[in-house]
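Enquirer: okay, predicted coordinates and the sequence, questions at the end:
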Amino acid sequence: MHKIEIKTGQSVELISITSRVQDLINKGRIKDGVGYLFVAHTTAGLTINENADPSVAKDIQMALNQLFDSMSFRHFEGNSPAHIKASLLGNSLNLLIKKGKIVLGTWQGIFLAEFDGSRTRKVYFSLIPAS
Amino acid sequence: MHKIEIKTGQSVELISITSRVQDLINKGRIKDGVGYLFVAHTTAGLTINENADPSVAKDIQMALNQLFDSMSFRHFEGNSPAHIKASLLGNSLNLLIKKGKIVLGTWQGIFLAEFDGSRTRKVYFSLIPAS
Amino acid sequence: MHKIEIKTGQSVELISITSRVQDLINKGRIKDGVGYLFVAHTTAGLTINENADPSVAKDIQMALNQLFDSMSFRHFEGNSPAHIKASLLGNSLNLLIKKGKIVLGTWQGIFLAEFDGSRTRKVYFSLIPAS
């Protein structure tokens, strides 16, 4: 199991981690298999979406903010929107690995979604080889 | 493959199942690997979020209720909001297992999300060892 | 790794792919394990939900349309709602496989969710055997 640490800079932002995950695969000896990413936080998530036009990541954040940021909540810390957004995107991802490369569509990138930053976030990564 | 049965008591509630999943891992002989949870229902989901202040789970339910419970739907059973919430949280989770313990952040717990209770829900669990 | 190609016909629709995934499992020699589906697109997702009354799939689409289709976005292609819906459903699924069959509840089916069609969509599938 590998650990990736990501320093976020905004309260809400999507940060591409594709190359950091690919680096971990390059260092290993597994060519074909499945990779698992897990973010060990309750106010951050993981998602795969477009990594070409940065407006897409901004639009995802904006839409989630618009849904939840003005609702009234009970949780005393005041960051309930961040918890909800994290559960909606999810905190784990599966990645298929073929010939040492993450299987991704042309426009896809892997993002850490920070919803209550700035903080240092920990993402864990494991690989299981195909048989 | 193991089965966990969970009796829910409310129409909508998040129920922590972390210790029941950890118990299954304790009984097995796998120390390092990946665990898979799957809820075999269309109106219940699985999520990982804060298990310290119970207001967080309540806020997640409340926010989803607020988005969907007042919309008009076609499905004759009248539980379309429950189906939508289940698809948004998702019905499967990956868990990384290290030295016999589920890898979780300080505040993270694993929850069954009941959206159309009360019912008895079935969650399946499988483990694949790291190589 | 197998590839499934799905020709979608509408701009937004859920298409059942359960039997196509089961066919791939039938052709393989793995009886027990975990299957991974991955959609290699940023405006389509994967979800498991009711495959009995087709109104459920329609209601899921309608609810997501209602949340996002009238928001204002930055992305120049005008399909930001599709990107957001894809991230909310997610683009990968885990499937537990037992005795050669996908473990699914009575009403569950596996759906490709098209959010920006019509297009030809690629879904990848890998299997890892239980030990």
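Expert: That came through fine. Residues are numbered from 1 along each chain as shown, chains lettered A, B, ... in the order given.
Enquirer: what parts of chain A come near chain C?
Expert: A:32-34, A:47-50, A:53, A:55-56, A:58-60, A:62-64, A:66-67, A:88-90, A:93-96, A:98, A:103-105, A:107-108, A:128, A:130-131 (CB under 8 Å from any CB of the partner chain). Yep, even glycine has a C-beta here, placed from its N, CA and C like the rest.
Enquirer: restricted to strands, list these.
Expert: A:33-34, A:47-50, A:93-96, A:98, A:108, A:128 (DSSP state E).
Enquirer: now which of these would you call buried?
Expert: Among those, those buried by neighbour count (16 or more other CB atoms under 10 Å in any protein chain shown) are A:33, A:34, A:47, A:48, A:49, A:50, A:93, A:94, A:95, A:96, A:108, A:128.
Enquirer: chain A: helices as residue ranges?
Expert: A:18-27, A:55-68, A:80-89 (DSSP state H).
Enquirer: which strands or helices does the second one pack on?
Expert: Packed against helix A:55-68 by the contact rule (3 or more CB pairs under 8 Å, 6 or more residues apart in numbering or on different chains; DSSP states H and E) you find strand A:13-16, strand A:44-50, helix A:80-89, strand A:108-114, helix B:55-68, helix C:55-68, helix C:80-89.
Enquirer: what pairs with the first one, parallel or antiparallel?
Expert: In other words, strand A:13-16. The strands beside strand A:13-16 in its sheet (DSSP bridges) come out as strand A:108-114 (antiparallel).
Enquirer: could you check the angle helix A:55-68 makes with the partner strand?
Expert: Per axes from the mean of the first three to the mean of the last three CA atoms, to 10 degrees, the angle that strand A:108-114 makes with helix A:55-68 is 40 degrees.
Enquirer: was I right about residue A:126 contacting residue A:36?
Expert: Yes: Residue A:126 is in contact with residue A:36 according to CB atoms under 8 Å; the separation is 4.9 Å.
Enquirer: in chain A, what residue lies closest to chain C?
Expert: Residue nearest to chain C within chain A (CB to the nearest CB): residue A:105, separated by 3.5 Å.
Enquirer: still on that earlier bit, which one of the buried ones among the ones in strands among the residues of chain A next to chain C is nearest to residue A:84?
Expert: Proximity of those to residue A:84 was ranked by CB to CB; the top entry is residue A:47 with 14.5 Å.
Enquirer: for the closest one, name its beta-bridge partners.
Expert: Using DSSP bridges, the bridge partners assigned to residue A:47 are residue A:111.
Enquirer: now for it: which residues touch it?
Expert: Counting by CB atoms under 8 Å, 6 or more residues apart in numbering or on different chains, residue A:47 makes contact with A:14, A:60, A:89, A:90, A:93, A:110, A:111, A:113, C:87, C:90.
Enquirer: before we move on, what about residue A:81?
Expert: A:64, A:65, A:68, A:69, A:71, A:73, A:115, B:63.
Enquirer: any quick ChimeraX command for the buried ones out of those residues?
Expert: Buried residues within the contacts of residue A:81, by 16+ other CB under 10 Å, are selected in ChimeraX with:
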select /A:64,68,73,115 /B:63
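Enquirer: average pLDDT across stretch A:96-109?
Expert: Across stretch A:96-109, the average pLDDT comes to 98.
Enquirer: let me fix that, I meant to ask about stretch A:34-49.
Expert: In this model, stretch A:34-49 has a mean pLDDT of 98.
Enquirer: any idea how far the residue nearest to residue A:120 when sequence neighbours are not counted is from residue A:112?
Expert: Take residue A:120 and drop its neighbours on the chain: the residue closest to it by CB to CB, 6 or more residues apart in numbering or on different chains is residue A:7, 5.2 Å away. Per CB to CB, to the nearest Å, residue A:7 is found 10 Å from residue A:112.
Enquirer: next: residue A:119.
Expert: Distance from residue A:119 to residue A:112, counting by CB to CB: 11 Å.
Enquirer: got the residues of chain A near chain B?
Expert: A:1, A:36, A:38, A:40-42, A:67-68, A:71, A:73-77, A:80-81, A:83-84, A:86-88, A:90-92, A:94, A:122, A:124, A:126, A:128-129.
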